[in-house]
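# sequence plus the predicted model coming up.
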There are 2 protein chains.
Amino acid sequence: MSYVTLEDIARQVHKSVATVSQVLNGKDGNGIRVGKETREKILKVSRELNYRPNYNARQLVTKGTKVIGLLIPDIMQMFFNEVTYHLSRRLSTAGYDLLLAHSYEDPVPEKREIETILSRRVDGIVVAPACGKENIPLFKEISDSGVPLVLMDRYFSGESFYSVTTDDVQGSYELFKHIVSRGAGRIAFISGNPDTSVTMERLEGYRLALEEAGIPYRGDLVIKSGYFQKDGYERAKTLIQSGKIQECDAVSGVNDSVALGILEALWEAGLKVPEDILVSGYGDERFSGYLGCPLTTVRQPASEVADRTYSLLMDVIKGRDVLTKDIKVSCSLRIRESTDGS
Amino acid sequence: MSYVTLEDIARQVHKSVATVSQVLNGKDGNGIRVGKETREKILKVSRELNYRPNYNARQLVTKGTKVIGLLIPDIMQMFFNEVTYHLSRRLSTAGYDLLLAHSYEDPVPEKREIETILSRRVDGIVVAPACGKENIPLFKEISDSGVPLVLMDRYFSGESFYSVTTDDVQGSYELFKHIVSRGAGRIAFISGNPDTSVTMERLEGYRLALEEAGIPYRGDLVIKSGYFQKDGYERAKTLIQSGKIQECDAVSGVNDSVALGILEALWEAGLKVPEDILVSGYGDERFSGYLGCPLTTVRQPASEVADRTYSLLMDVIKGRDVLTKDIKVSCSLRIRESTDGS
DNA sequence: TTTATATGATTAAACGTTTAATCAAGGAGT
DNA sequence: ACTCCTTGATTAAACGTTTAATCATATAAA
């Protein structure tokens, strides 16, 4: 219920609070020196009483909390799960704690969480922004006010925030280059909201690969949808029912969940993957390699994203100059059965 | 870099800090009243200046932080991932923030993290203890000192902590009852460390189901191992190489990762699941339903665990009486192809 | 003997809040 | 004209730290 304070210790050893503080923080040479005898006595008593410094009180005077706020849409998504894990690991070895908050892809809770994170006077903030541009002014404000802020996984084009993202244009380009090389010319792409950088970039890679191969871009094969399994399932189903599936050599999902939905719909319709049609996803979810037909996809290097985010954040916190404000890490292709008959 | 304080606002509106504090905390009737005009002026200025209260300073006087510490072995494990998600959701709607820390199944970092969590004066702590009994005295100390503490997923028999766990005896019992009902009498069990409550309970369910069916318990079929895929793979492989696999109708893993390793080894050896041999796991990982041969397993209700943990913790924090100190939630069987030929 | 320095400490202010106690002035009741 | 309440505020203490400035004593140097 009530914690031991420096004063409790001071009283027991008949020394002043300042002396106790000096000893427990151990950094001698502050102009103040402590005798060996009292030093040991203080350490002993502090151990006996289970003294635990109050970091909140400390923050008031030192201005630091050694806490980093992490705000993500949803930790159940594999990528954020991994990033959180690695970031947490990094931070904890550097003596920082992690304050975790969710935005659920919604700018309203996002704003609310940011506010409370700031009220805790964290030393830095990492946020994977929810879709939508509503909070750009907020990000600007806190970034301008000098709070170290690093955007992760998603960024806002035209704005100059620190950010670490995966190079989805490159990843997507390589994916579709591979699919084209398997002989597929007509590729349906079941995408998410084209306003988000995620979808935009993956679509850009698609476009590039097609262009390079001299395949004309067909707008009717790019289908706008959501990001979940059921979205993929439904769009694939209408594709099948409308007969348009006959014109396709491959169907790609904007991510692995969508691709899983696509696979379901195809299987249901009696189509064989990869014999009748190729399928691919994006993100390399945990299940993707273990599916009945293992899924070709693109791996986003979560641990590298975490590492780079950590380093960038530390650079900003420590006030070091940063070479690149926008770091992009590249993705790697995972070729599996769903696009590879051999 | 530097935040706005109550004093900054007070200066601008020519009122005292106390008045500003009153207005911004909004709870009139503290014996102090504020005129409508000044109230509005204060609110306006506070908005203009982007005032964000310093929660650390507040803690000093109110004694509350509205932060809950969560300490888990590893958020990459599906179960902890889900629990964290749901707990975070619950807490945030109740106005609490989440401080997340990892023990990596190691009592040493576990202790260190507990200490810093306490130094942040959290309002409560949830911990899924790492294997080992080293930190029981620490848990006792903090629990005795009045800090609300709830153990999750794992508990210490003989100790009287608040805890929320899954009923793995029941889950395991039902699993093996099902396997026996499929005609399997000789069941190998590749288990983890029998000192941990997890393994102990699942083994107990195994024992119970066998006993009920009148099948003698064979110690040589219970194989001690670790908790990872490679552990299952290796143990299954030695089982195969020693020829003992011939005597088995089924092989079970202590969790799904181990079961996945078992499946790999069996496939490699040309054995068919479920035709030649049955396989089961525990935990219902995300991949388990999507495997080439979907895996029979037991689902641990993470969201229910999170909910119960949340309620129990709040009861303890609010000082309400608690009916049951040890809450157990039951698991449900997921029967899939790996034990079910039909 | 006097002065300077080293040693081991103390004092006091500051950080940003909350909150109990107090105060001043105006109006109502007598 | 006096007291009493109401309204709208202020003062001051407290919370647990850190840290700059200062102090007292003993010892070494001159």
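Received, thanks.

# leaving out sequence neighbours, find the closest residue to the residue nearest the centre of chain A.
When C-alpha atoms, centre = their mean is applied to chain A, the residue found nearest the centroid is residue A:80 (4.5 Å). Leaving aside its sequence neighbours, residue A:80 sits nearest to residue A:72 (C-beta to C-beta, 6 or more residues apart in numbering or on different chains; 4.6 Å). No exception for glycine: its C-beta is placed from N, CA and C like everyone else's.

# identify the bridge partners of the residue in the stretch 151-300 of chain A that DNA strand D sits nearest to.
When scored by C-beta to the nearest atom of the strand, the stretch 151-300 of chain A has residue A:162 as its residue closest to DNA strand D, at 27.2 Å. Applying DSSP bridges to residue A:162 gives these bridge partners: residue A:150.

# thinking again about what came up before, list the contacts of the residue nearest to the centre of chain A.
A:72, A:73, A:74, A:128, A:153 (C-beta atoms under 8 Å, 6 or more residues apart in numbering or on different chains).

# domain ranges for chain A?
A:6-53, A:65-167+A:302-330, A:168-300+A:334-339 (automatic domain parsing).

# give me the distance between the two termini of the first one.
Taking C-alpha to C-alpha, to the nearest Å, the first and last residues of domain A:6-53 lie 8 Å apart.

# from the chain's centroid, how far away is it?
42 Å (C-alpha atoms, centre = their mean, to the nearest Å).

# please apply the same query to the second one.
Domain A:65-167+A:302-330 has its average C-alpha position 8 Å from the chain's average C-alpha position, going by C-alpha atoms, centre = their mean.

# what about it, near DNA strand C?
No - Domain A:65-167+A:302-330 does not reach DNA strand C (C-beta under 7 Å from any atom of the strand); its nearest approach is 8.1 Å.

# hmm, residue A:24 is touching residue A:53, no?
Yes - under the criterion of C-beta atoms under 8 Å, residue A:24 makes contact with residue A:53 at 7.0 Å.

# quick check: residues of the stretch 101-250 of chain A near chain B?
A:101-102, A:109, A:113, A:115-121, A:141, A:145-147 (C-beta under 8 Å from any C-beta of the partner chain).

# weed out the non-buried ones from the residues you listed.
Buried members of these, scored by 16 or more other C-beta atoms under 10 Å in any protein chain shown, are A:101, A:102, A:109, A:113, A:116, A:117, A:118, A:119, A:120, A:121, A:147.

# looking at the residues you listed, which one is closest to residue B:170?
Closest approach to residue B:170 among those (C-beta to C-beta): residue A:102, at 31.7 Å.

# and what about the residue nearest to that closest one when sequence neighbours are not counted, helix, strand or coil?
Counting by C-beta to C-beta, 6+ apart, residue A:102 lies nearest to residue B:88, which is 5.6 Å off, once chain neighbours are set aside. What DSSP: H, G, I helix; E, B strand; the rest coil gives for residue B:88 is helix.

# distance of residue B:88 relative to residue A:85?
Note on residue B:88: its distance to residue A:85, by C-beta to C-beta, to the nearest Å, is 15 Å.

# which two among the residues of the stretch 101-250 of chain A next to chain B are spaced furthest apart?
Longest span within those, C-beta to C-beta: A:102 and A:146, 25.6 Å.

# tell me the phi and psi of the closest residue to DNA strand C within chain A?
Residue nearest to DNA strand C within chain A (C-beta to the nearest atom of the strand): residue A:35, separated by 2.6 Å. The phi/psi pair for residue A:35 (degrees, to the nearest 10) reads phi -70, psi 150.

# for it, grab the count of nearby residues.
Counted by other C-beta atoms under 10 Å in any protein chain shown, the residues lying close to residue A:35 total 10.

# pLDDT score for it?
For residue A:35, the pLDDT comes out at 88.

# what mean pLDDT does stretch A:240-255 get?
Stretch A:240-255 comes out at a mean pLDDT of 95.

# tell me the buried residues in it?
Here stretch A:240-255 shows A:240, A:245, A:248, A:249, A:250, A:251, A:252, A:253, A:254, A:255 as buried, counting by 16+ other C-beta under 10 Å.

# and that stretch, how far from the chain's centre?
Centroid separation for stretch A:240-255 versus its chain: 30 Å, with C-alpha atoms, centre = their mean.

# what is the neighbour count of whichever residue of the stretch 201-342 of chain A sits closest to chain B?
In the stretch 201-342 of chain A, the residue that lies nearest chain B is residue A:287 (4.2 Å; C-beta to the nearest C-beta). When neighbours are defined as other C-beta under 10 Å, residue A:287 has 20 of them.

# does it touch residue B:290 like I think?
Yes - contact criterion C-beta under 8 Å: residue A:287 and residue B:290 qualify, at 4.6 Å.

# okay, and the common contacts of those two?
residue A:260.

# ok, for residue A:194, nearest residue in space, not its chain neighbours?
residue A:200 is the one closest to residue A:194 (C-beta to C-beta, 6+ apart), at 6.0 Å.

# any idea how many residues pack against the one you found?
Number of residues near residue A:200 (other C-beta under 10 Å) recorded here: 16.

# and stretch A:218-233, what's buried?
Buried residues in stretch A:218-233 (16+ other C-beta under 10 Å): A:221, A:222, A:223, A:225, A:226, A:227, A:229, A:231, A:232, A:233.

# what of stretch A:6-17?
Those would be A:6, A:8, A:9, A:10, A:12, A:13, A:15, for stretch A:6-17 by 16+ other C-beta under 10 Å.

# same deal with stretch A:129-148?
For stretch A:129-148, by 16+ other C-beta under 10 Å, it's A:129, A:130, A:131, A:135, A:138, A:139, A:142, A:143, A:147, A:148.

# tell me if I am right that the third one is in a strand.
In other words, residue A:131. No - applying three-state DSSP, one finds residue A:131 to be coil, outside a strand.

# I'd guessed it sits against residue A:196; true?
Yes - under the criterion of C-beta under 8 Å, residue A:131 makes contact with residue A:196 at 4.9 Å.

# tell me, what's touching those two both at once?
With C-beta under 8 Å, 6+ apart, residue A:131 and residue A:196 have common neighbours residue A:154.

# give me every residue that touches residue A:217.
Per C-beta under 8 Å, 6+ apart, neighbours of residue A:217: A:207, A:210, A:211.

# what distance do you get for it to residue A:203?
10 Å.

# now residue A:193
11 Å.

# okay, the two: which has more neighbours?
Each of residue A:193 and residue A:203 has its neighbours counted (other C-beta under 10 Å); residue A:203 has more, 19 against 15.
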